[in-house]
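Asker: Quick one, what's the 3D model for this:
(one chain, ligands or ions: 1)
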Amino acid sequence: MTFNSLKIEPIKIIHLSQVIDIWLYQYKESIASGLLIPPSWLTNVSSLRDFIRTHINEKKGVIARSGDAIVGFFLFDSFMFHDEKTAFSPIIGHTSFPFYKELVYKKIYQYLSAKWIEEGILNHLITFFSHDHLLKDLLYEFGFGLYGVDAFRSTDSISLSDGNLTILEADMNHINDLIRLEKEACHFFKQAPLFLVSSPNNLDYYKNIFENNTKTIFLAKVNNEVVGFITIGKNDEEDITLLADQNTGMITGTFIQPEHRGFGIGNCLLQRCVEWSQKRDLDRIHVDFESANLLANRFWLKHFTPVLYSVKRKVNQDIIQI
Ligand SMILES: CC(C)(COP(=O)(O)OP(=O)(O)OC[C@H]1O[C@@H](n2cnc3c(N)ncnc32)[C@H](O)[C@@H]1OP(=O)(O)O)[C@@H](O)C(=O)NCCC(=O)NCCS
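Answerer: Sure thing, here's the model as predicted:
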């Protein structure tokens, strides 16, 4: 097969079942290769089908065809991401049979990026499996760089060093401590080399956690002072774009004050999340983080295995002035 013989066409409803089959084929292969991902998505295909159908209706995707056979597809969303027009394809938005992969992605990206630039979308974001070295190298050649990591771990306990520390479950009495730490966390995220602007959670966010027994926040207290927290919840609504099914515990935030870092408090908070997940018979825990967050990278990668990489490319601004 050559670059020219591969055809890129808008995806249509008649392609739905073939596209689902290709996605499931690669998901099965990914499980077989040892990737720590929920097998439930192999049988629970309704979210995948809905996602593909919506993108077909919205005309946000293409297939790659070799002769009569569909050999790959690519679906995307477009939205404002940190104030920039962005096109994003999540893990369920694209794949290709291995034999065709290089040509398929080259041709599809050439085709779609032309359309995105016409619409002034300079920011391109793609999530792919961490073991997909071919795609990683290809996207690197296109100018993409790592932005975010989604990682999973089992609910096996982690070993802890002894420490003079109290871990407790937060309730409404701890709101002021949590709001104080959240503000510090947002300040930390803004610093180099992360430069991430985020907003602190509001009172309703905490009320929702405390009124809902599928979520909790553990606090770390040193000398009677709350110095850090971690938030975990059972996945109420499964989210296939993160590959997180209902048996997944989701860590959605953690922060420890700078002077208390590096003493094992993070490990202790994480171990409480593990115990919380074991009690609820969860199969795995998910976390995501920005790769430019040096502390998070170092900490999470000690305990979790990356499963998804999200990469971003920013096309030169002056192209839209031509
Ligand atoms: C990520 C974070 C929660 C880790 O908490 P922590 O209490 O420092 O973690 P621990 O001390 O349990 O573990 C940190 C590891 O780094 C090592 N370390 C050594 N010096 C360190 C330092 N100055 N800072 C951080 N870690 C250090 C520790 O020894 C430990 O390694 P080990 O498990 O092999 O002993 C903390 O760094 C933090 O609050 N970062 C800012 C907020 C953030 O990034 N949140 C995550 C968002 S996704």
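Asker: For the stretch 1-150 of the chain, give me the ranges with low pLDDT.
Answerer: 1 (pLDDT under 70).
Asker: and residue 306, that's in a strand?
Answerer: Yes: applying DSSP: H, G, I helix; E, B strand; the rest coil, one finds residue 306 inside a strand.
Asker: what does the strand or helix carrying residue 103 contact?
Answerer: Following DSSP states H and E, one finds residue 103 within helix 101-118. Contact with helix 101-118 is made by 1-3, 6, 8, 62, 64, 71-72, 74, 76, 78, 87, 94, 96, 122, 124, 134-135, 138-139, 142, 315, 319-320, as judged by C-beta atoms under 8 Å, 6 or more residues apart in numbering. Where C-beta positions appear, they are placed from N, C-alpha and C, glycine not excepted.
Asker: From those residues, list just the buried residues.
Answerer: Buried members of the contacts of helix 101-118, scored by 16 or more other C-beta atoms under 10 Å, are 6, 8, 62, 64, 71-72, 74, 76, 87, 94, 96, 122, 124, 135, 138-139, 142, 315.
Asker: Residue 269 is in contact with residue 160, correct?
Answerer: No: contact criterion C-beta atoms under 8 Å: residue 160 and residue 269 do not qualify, at 10.4 Å.
Asker: of the two, who's got more company?
Answerer: Neighbours were counted for residue 160 and for residue 269 using other C-beta atoms under 10 Å; residue 269 has more, 25 against 12.
Asker: Which residues of the stretch 201-322 of the chain lie near the ligand?
Answerer: By the rule C-beta under 6 Å from any ligand atom, the part of the stretch 201-322 of the chain lying against the ligand is 254-256, 261-267, 289, 293, 295-296, 298-299, 302.
Asker: if we can go back for a sec, convert the C-alpha atoms of the helix holding residue 103 to PDB, please.
Answerer: Extracted C-alpha coordinates of helix 101-118, given in PDB (Å, rounded to 0.1, in the frame of the first residue of the first chain):
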ATOM      1  CA  LYS A 101      -0.600   2.800  11.200                       C
ATOM      2  CA  GLU A 102       2.300   5.000  10.000                       C
ATOM      3  CA  LEU A 103       0.600   5.800   6.700                       C
ATOM      4  CA  VAL A 104      -2.800   6.200   8.200                       C
ATOM      5  CA  TYR A 105      -1.700   8.700  10.900                       C
ATOM      6  CA  LYS A 106       0.500  10.600   8.500                       C
ATOM      7  CA  LYS A 107      -2.300  11.000   5.900                       C
ATOM      8  CA  ILE A 108      -5.100  11.700   8.400                       C
ATOM      9  CA  TYR A 109      -3.100  14.300  10.300                       C
ATOM     10  CA  GLN A 110      -2.200  16.000   7.000                       C
ATOM     11  CA  TYR A 111      -5.800  16.000   6.000                       C
ATOM     12  CA  LEU A 112      -7.400  17.100   9.300                       C
ATOM     13  CA  SER A 113      -4.800  19.600  10.400                       C
ATOM     14  CA  ALA A 114      -5.400  21.500   7.100                       C
ATOM     15  CA  LYS A 115      -9.000  21.800   8.100                       C
ATOM     16  CA  TRP A 116      -8.200  22.800  11.700                       C
ATOM     17  CA  ILE A 117      -5.900  25.600  10.500                       C
ATOM     18  CA  GLU A 118      -8.600  26.800   8.200                       C
END
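Asker: Compute the inter-axis angle for the following helix or strand past it and helix 101-118.
Answerer: Next along the chain after helix 101-118, taking DSSP H and E as the criterion, comes strand 123-129. On the basis of axes from the mean of the first three to the mean of the last three C-alpha atoms, to 10 degrees, strand 123-129 is oriented at 150 degrees to helix 101-118.
Asker: Can you list the strands that strand 123-129 pairs with?
Answerer: Strand 123-129 has the following strand partners under DSSP bridges: strand 84-89 (parallel), strand 305-314 (antiparallel).
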